[in-house]
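Visitor: one predicted model, sequence on top.
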Amino acid sequence: MKNYLILIVSLGFLNLNSLAQEKNLSFETPDLSAGAEYSIYLQNLINSGQAKHLEYKASIPLLNKPEGIDAITTFEGINFDQDATTTGYYNIPPDPIGAAGPNHLVSVVNTAIEWFTKAGVKQYTNRLGKNATTHVGSFFESLTPLTSTFDPKVIYDQYNGRFVVITLEQTTTLTQTSRILVAVSQTNDPNAGWYFTSINSRILISGVNYSWADYPGLAVGTNAIYITANMYRFSNSTYWGGRVWIIAKSPFYSGGAASINVYDHITLAGGYGSTYQPTQMFGTPQTNVGTFLLLYGGLSDGTNESVNVIRVDNPLTSPTFTGQNVALLNIDNTAGSYLNAPQLGTSTLINTNDRRSQNAIWRSNALWASFTVVPNSGLNAGQVTAHWVKINTSTLGSLVVSDQGDIGGEDIATGTYTFFPSIAINSVGDAIIGFAASAPTIYPGAYYVGRYSTTPAGTVLATQIFKPGLDYYIRTFGTGRNRWGDYSGSSVDPSDDQTFYIFNEYALTRGTPISGEEGRWGTAFGVVPVSALPVELSAFTAKILKSGGVQLNWRTETEVNNYGFEIQKSEDRNQESEWNKIGFVPGHGNSNSPKDYSFEDKNAKYGSYAYRLKQIDTDGKFEYSKVIEVDAGRVPDGFVLEQNYPNPFNPATTIKFAVAETQKAELKVFDILGNEVVTLFNDLAEGNRVYEFEFNSEGMASGIYFYRLEAGNKIENKKMLLLK
């Protein structure tokens, strides 16, 4: 990636808007997409006769995913080996995108398309474009694709009940070609047939050099399909601007010729030379609004960041493009390097690309988007981190951010990087965000977070496992970068509005060795009902009681299938074996209203402790709350020996003590004649830690007994009564 600073002088094709002239803003000019980079690399190898090592070999058995842990219902998609059967060559990265219709799930990866029923029954798998020799038999056969294509995308048009699929092709030999291949299903059933058209995306820009399209964005509005792309010069593959194509649904959706117009939205709206994503629209937009084009590419004044939003009005008659910057505050260290992600088992990093916008959704006067940042402070400082933003569009001329937040993944593992996010929203404002994650202690895999419409501002629910990585991943095929992504897919069920679907990739076990590399990717659909999202805690706090002990308090804003809360306590939060159950509080099952809970730990009188809640669903699934730490007070000089409890007792009682400083301590029990009955402790006692012992009187006579603690130069005796 490259960082550019907009100056008051003209930079070639970039037209400077008044906002940019008022304040110098830096931003990232996008690199080639991973799909385009690899497609060009493969074409050059094929044309030079050097692609033999990348040819799919039928004698190599397909290596299926070993048994892993599926936290949600999942359907396995195309993987590294299976994808190679469609084109005759191995391809990276998968560029996974998936979408849900009323009865089917459709997914695309770099060179292939596949669809399932919602019960997970696979109905169709095919290559998108040409294999090693012919285009015949491909999904886009009627458009005579010239290559295996790259950067496919799929969405579901809920206005008209159709799936929309696009893919790109580019050739540089003999003739320079660039096309966007487009398909629309004839009904909401992808098996019922498709309508096809192609867009000539070879464009002469500024009369200097023809350019080709890369990194597409895809969305629909009430009456049009919107496709955006970055444009690169054929001569040297340098970034050369952007374009948006508007395709009228009528008569294309009825099998007629597609009416297509292309616009330079950056110039027309005074935008920025980086990646714009069109917004998938839901419901009835404001008057004349077709869609919004959204950009985040590290757009910054050096302190605070912004997104740039271009509103597209009257898209099919006389389109207008109106741009404005929307302030995000200081969310990103744009002056620092954009970092790649560590992974378990190797020093080779996962390439996380750059900060560019990933997808955007408009619903109920709110524009939602996702991208990545590198936070300046907090647990995620210096780590690539997925970020989401919600923009209020009620006043079109003055858009403002109403909510935003990071998805740090620190509840997955310390030092987790999160990247390639995608967001989906239902009609009441519940959200799902799927993303990839990797860390020094985990393999790269797929995860998701949810948030209810009532979730506190700036926060998300606990991270959930979608598909954990099963091995480390290294696969560059000579391109020099360990590419992962470039996308992921999240969508909401158009038939029930209460189920989310995510589609993403994860690292399979290594295999298929080629040129010393063995990384393998897999893909999968995940089914996430809103009812499967965690119980939402708006607060989890602790306070010291005057009578001794600690009171824990928490509130749930929304509960779904909540069985209850197991309270756990630890003196060393970093050791899982040190967490112990100290109580259980029943939940309310299902509730849409806030509920308050509390629990008293009367045993926490001295020392430092950590507490967490194990939130358990009725189906046995669980997740942990955040951890809170409490200093319950210091032991006075010397030590404290507490009265046994219960007293009188039969047959067992508990004795506790704590010393102020680490020292040798001895705790013994004596009968009324002074005879020693048992030594309960004789060792080095840690300072300010409560020690607890059970004294069992089985076989002993009723009567008075004494217990004595000796530590340092202090001795204390207490009396207890055994009654049988």
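Guide: That came through fine.
Visitor: quick one: secondary structure of S577?
Guide: Under the three-state scheme (DSSP: H, G, I helix; E, B strand; the rest coil), the conformation of S577 reads as helix.
Visitor: do N191 as well
Guide: Assigned by three-state DSSP, the conformation of N191 is helix.
Visitor: residues touching it, list them.
Guide: Residues near N191 by Cβ atoms under 8 Å, 6 or more residues apart in numbering: 115, 123-124. Backbone N, C-alpha and C define where each C-beta goes, glycine included.
Visitor: can you tell me how far it is from Q123?
Guide: 6 Å (Cβ to Cβ, to the nearest Å).
Visitor: likewise T346?
Guide: Between T346 and Q123 the computed distance is 38 Å (Cβ to Cβ).
Visitor: again, but for K153
Guide: From K153 over to Q123 (counting by Cβ to Cβ), the distance is 20 Å.
Visitor: for those two, indicate the residue with more neighbours.
Guide: Counting neighbours by other Cβ atoms under 10 Å for K153 and for Q123 shows that K153 has the greater number, 21 against 14.
Visitor: leaving out sequence neighbours, find the closest residue to that one.
Guide: For K153, ignoring the flanking residues on the chain, the nearest one in space by Cβ to Cβ, 6 or more residues apart in numbering is L218 at 4.4 Å.
Visitor: surely the one you found meets T291?
Guide: No - in this structure L218 lies outside contact range of T291 using Cβ atoms under 8 Å: 11.0 Å.
Visitor: who's more crowded, the two?
Guide: Taking L218 and T291 together and counting by other Cβ under 10 Å, T291 has the greater number of neighbours (28 against 24).
Visitor: which residue is nearest the centroid of this protein?
Guide: In the chain, the C-alpha closest to the average C-alpha coordinate belongs to F435, at a distance of 2.7 Å (Cα atoms, centre = their mean).
Visitor: domain map for this protein?
Guide: Each structural domain of the chain that the record assigns through automatic domain parsing is listed here as a residue range: 2-532, 537-631, 639-722.
Visitor: lowest average confidence across those, which one?
Guide: Comparing mean pLDDT across those, the weakest is domain 537-631, with a mean of 84.
Visitor: work out the gap between that one and the centre of the chain.
Guide: Relative to the chain's own centre, domain 537-631 is displaced by 26 Å; criterion: Cα atoms, centre = their mean, to the nearest Å.
Visitor: start and end of that domain, how far apart?
Guide: Across domain 537-631, the straight-line distance between its terminal residues is 23 Å, by Cα to Cα, to the nearest Å.
Visitor: equivalent analysis for stretch 389-404, please.
Guide: For stretch 389-404, the first-to-last residue distance is 4 Å (Cα to Cα).
Visitor: could you find the closest non-adjacent residue to F681?
Guide: If the residues on either side of it in the chain are set aside, F681 comes closest to L667, at 4.1 Å by Cβ to Cβ, 6+ apart.
Visitor: sorry, back to before: wait, what's in contact with the residue nearest to K153?
Guide: Contacts here follow Cβ under 8 Å, 6+ apart; on that basis L218 touches 153-155, 164, 166, 225-227, 278.
Visitor: before we move on, what about T144?
Guide: If a contact means Cβ under 8 Å, 6+ apart, then T144 has H135 as its contacts.
Visitor: tally of neighbours for G137?
Guide: By the measure other Cβ under 10 Å, the count of residues near G137 is 11.
Visitor: and for L218 and T291, which residues touch both?
Guide: Counting by Cβ under 8 Å, 6+ apart, the common neighbours of L218 and T291 are 226, 278.
Visitor: ok so, going back, which of the contacts of L218 has the largest number of neighbours?
Guide: When neighbours are counted by other Cβ under 10 Å, P278 leads those with 30 neighbours.
Visitor: state the distance from that one to F500.
Guide: P278 sits 21 Å away from F500 when distances are taken as Cβ to Cβ.
Visitor: do I433 as well
Guide: Separation of I433 from F500 (Cβ to Cβ) stands at 10 Å.
Visitor: repeat for V627
Guide: Here the distance between V627 and F500 works out to 28 Å (Cβ to Cβ).
Visitor: for F163, same thing?
Guide: Computed as Cβ to Cβ, the F163 to F500 distance reads 17 Å.
Visitor: neighbour count for the two, which is higher?
Guide: F500 (28 against 25).
Visitor: mind checking how far that one is from Q404?
Guide: Going from F500 to Q404 by Cβ to Cβ gives 20 Å.
Visitor: what of N261?
Guide: Look at N261 and Q404: by Cβ to Cβ, they are 34 Å apart.
Visitor: those two: which has the busier surroundings?
Guide: Of the pair N261 and Q404, Q404 is the one with more neighbours under other Cβ under 10 Å, namely 18 against 13.
Visitor: show me what the helix or strand in which that one is found is packed against.
Guide: In the assignment (DSSP states H and E), Q404 maps to strand 400-407. Counting contacts by 3 or more Cβ pairs under 8 Å, 6 or more residues apart in numbering; DSSP states H and E, the secondary-structure elements packed against strand 400-407 are strand 320-329, strand 385-392.
Visitor: what's E559 in contact with, if anything?
Guide: Applying Cβ under 8 Å, 6+ apart to E559 gives the contacts 535-536, 587-591, 595.
Visitor: residues in a beta bridge with it, which ones?
Guide: Beta-bridge pairing for E559 (DSSP bridges): S591.
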